[in-house]
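*Asks:* Pasting the sequence and the predicted coordinates here, then a few questions.
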Amino acid sequence: MSLIRQLRKLVLGETWSLPLGVAVALGVAGIVRAVDGDDGWWHHAGGFILLGLVGVALTGSLRSALRARAR
């Protein structure tokens, strides 16, 4: 299956792996922000860490498409 077709399936909701991955990323980010406080390091670097977590969720949900494309 092509990468574009797999992305289309993710956007149209035919799989739950991406929404669950994003929900986990937001949950982890919320917990870390609550633990860090108002003036901690999260205020400066939190967006980049959240971006990385969402990237990991996207990569994990596209694992089969990336594996098929590498062959």
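*Replies:* Yep, it's here.

*Asks:* Could you pull up the residues touching the residue nearest to residue 53 when sequence neighbours are not counted?
*Replies:* In space, and not counting its chain neighbours, residue 53 is closest to residue 25: 3.6 Å by CB to CB, 6 or more residues apart in numbering. Any C-beta I mention is one placed from the backbone N, CA and C, and that applies to glycine too. Residue 25 is in contact with 50, 53-54, 56-57, counting by CB atoms under 8 Å, 6 or more residues apart in numbering.

*Asks:* Quick one, which of the residues you listed are buried?
*Replies:* 50, 53-54, 57 (16 or more other CB atoms under 10 Å).

*Asks:* so can I have CSV of these showing secondary structure and pLDDT?
*Replies:* Converted to CSV, the buried ones among the contacts of residue 25 look like this (DSSP: H, G, I helix; E, B strand; the rest coil; pLDDT from 0 to 100):
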residue, secondary structure, pLDDT
50, helix, 94
53, helix, 94
54, helix, 93
57, helix, 89
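
*Asks:* Out of the residues you listed, flag the one nearest to residue 70.
*Replies:* Relative to residue 70, the closest of those is residue 57; by CB to CB it sits at 19.9 Å.

*Asks:* What separation do you get for the residue most central in space within the chain and residue 2?
*Replies:* In the chain, the C-alpha nearest the mean C-alpha coordinate belongs to residue 54, at 2.2 Å (CA atoms, centre = their mean). From residue 54 across to residue 2, the span is 22 Å (CB to CB, to the nearest Å).

*Asks:* cool, and residue 55?
*Replies:* In terms of CB to CB, residue 55 sits 20 Å off from residue 2.
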